[in-house]
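Colleague: Please find the sequence and the predicted model below.
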Amino acid sequence: MAVVMITGSRGGFGRALTRAFADAKYDLILHSRTKAPSLAIKSKYKFVVGNLHESRTVGKLNKAATEWGLDVLVNNAAHRPPTGPFWGMPRDEVWDSVHGVGGLFDLTAEVWPLLKTSRGCVVNIGSIGAKIATDGEGVYGAAKAAVAQFSKGIQFEATRCDVRVLLVQLGAMNTGMAEGRPDQDKLINADEAARAVCSMCEIRFDTIRMPEVVLERKNY
Ligand SMILES: NC(=O)c1ccc[n+]([C@@H]2O[C@H](COP(=O)([O-])OP(=O)(O)OC[C@H]3O[C@@H](n4cnc5c(N)ncnc54)[C@H](OP(=O)(O)O)[C@@H]3O)[C@@H](O)[C@H]2O)c1
């Protein structure tokens, strides 16, 4: 059975990814910052709880993956500070975003040998906010731009060891992160996006490298 690891699995998109990969019959290593919920899914799963800023959380995730093997890592967890002027933003909000990127680097490096063994796939969840600067979102945009360049940069070395790195740049989606937006009925449906991500993990090309996949809203 193929194994997927999903970070930030309690958030809106994390839950959708959990459902999509469970439906595709993956075993799941699920990460959450807070306590593990019980899930109504048929797949085998285990939970690792902890903040990705902390190396012990990364170590626990690697241990779980070493026990089961690992085919897909989905780096989904991210902190989005409230929209507004950066100079008024609490320092914790800024550093939660920046350290979130550090956690993604750490975890990817830690499980890389397992992905090399399985010829697996890393999915980094990015944002349109990395491509288009938005008023009041300088910190979030910067953090996501770092995720994007990291993903594109490591694709070359990944190719040499037959690992795929998929950067998925998402538009606004109907999760907690987009709470309060007036256009909820026009947002990307998280379950649909999760199914798209899951199916992309199955695709393997011989001569094509996809620097990024952009999933934008259809409805405006
Ligand atoms: N929703 C959108 O419109 C949108 C658009 C583009 C991209 N994205 C991206 O989609 C991904 C999922 O976001 P979402 O929409 O599902 O938002 P969400 O509901 O806020 O979920 C974010 C998840 O990340 C976790 N997290 C944040 N910082 C963490 C840390 N330091 N250590 C461990 N876990 C941490 C949160 O944990 P807790 O549950 O403990 O808080 C939560 O589970 C993110 O990468 C986001 O940037 C979202």
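Modeller: Structure received.

Colleague: tell me the SS of residue 122?
Modeller: strand (DSSP: H, G, I helix; E, B strand; the rest coil).

Colleague: what residues are up against the closest residue to the ligand within the chain?
Modeller: Nearest residue of the chain to the ligand (CB to the nearest ligand atom) works out as residue 11 at 2.1 Å. For the C-beta atoms, the positions are set from N, CA and C on the backbone; glycine is no exception. By CB atoms under 8 Å, 6 or more residues apart in numbering, the contact set of residue 11 is 76, 77, 175, 176, 177.

Colleague: switch the cut-off to 10 Å
Modeller: 17, 32, 33, 76, 77, 78, 175, 176, 177, 190 (CB atoms under 10 Å, 6 or more residues apart in numbering).

Colleague: my read is residue 143 is in a helix, agree?
Modeller: Yes. Assignment of residue 143 by three-state DSSP places it within a helix.

Colleague: For residue 38, see how far away it is.
Modeller: 32 Å (CB to CB, to the nearest Å).

Colleague: thought residue 36 was touching residue 29?
Modeller: No. Contact criterion CB atoms under 10 Å: residue 36 and residue 29 do not qualify, at 11.5 Å.

Colleague: More neighbours: which of the two?
Modeller: A count of neighbours by other CB atoms under 10 Å puts residue 29 above the other of residue 36 and residue 29, at 24 against 15.

Colleague: Which strand residues bridge the spatially closest residue to residue 60 that is not a sequence neighbour?
Modeller: Excluding its sequence neighbours, the residue lying closest to residue 60 (CB to CB, 6 or more residues apart in numbering) is residue 48, at 4.9 Å. Beta bridges link residue 48 to residue 31, judged by DSSP bridges.

Colleague: give me the element residue 114 is part of.
Modeller: Element membership for residue 114 (DSSP states H and E) is helix 91-118.

Colleague: So which elements touch that helix?
Modeller: On a contact count with 3 or more CB pairs under 10 Å, 6 or more residues apart in numbering; DSSP states H and E, helix 91-118 meets strand 3-6, strand 27-32, helix 55-68, strand 72-75, strand 121-127, helix 138-160, strand 164-170.

Colleague: is it possible to export these to TSV including mean pLDDT?
Modeller: Listed next are those as TSV, based on pLDDT from 0 to 100:
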stretch	mean pLDDT
strand 3-6	98
strand 27-32	97
helix 55-68	98
strand 72-75	98
strand 121-127	98
helix 138-160	97
strand 164-170	98
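
Colleague: Could you dump these into TSV and include distance to residue 44?
Modeller: Shown next, in TSV, are those (distance: least, CB to CB, whole Å):
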stretch	distance to residue 44
strand 3-6	9
strand 27-32	4
helix 55-68	8
strand 72-75	15
strand 121-127	20
helix 138-160	27
strand 164-170	24
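
Colleague: Looking at the ones you listed, which is nearest to residue 84?
Modeller: helix 138-160 (9.9 Å; CB to CB).
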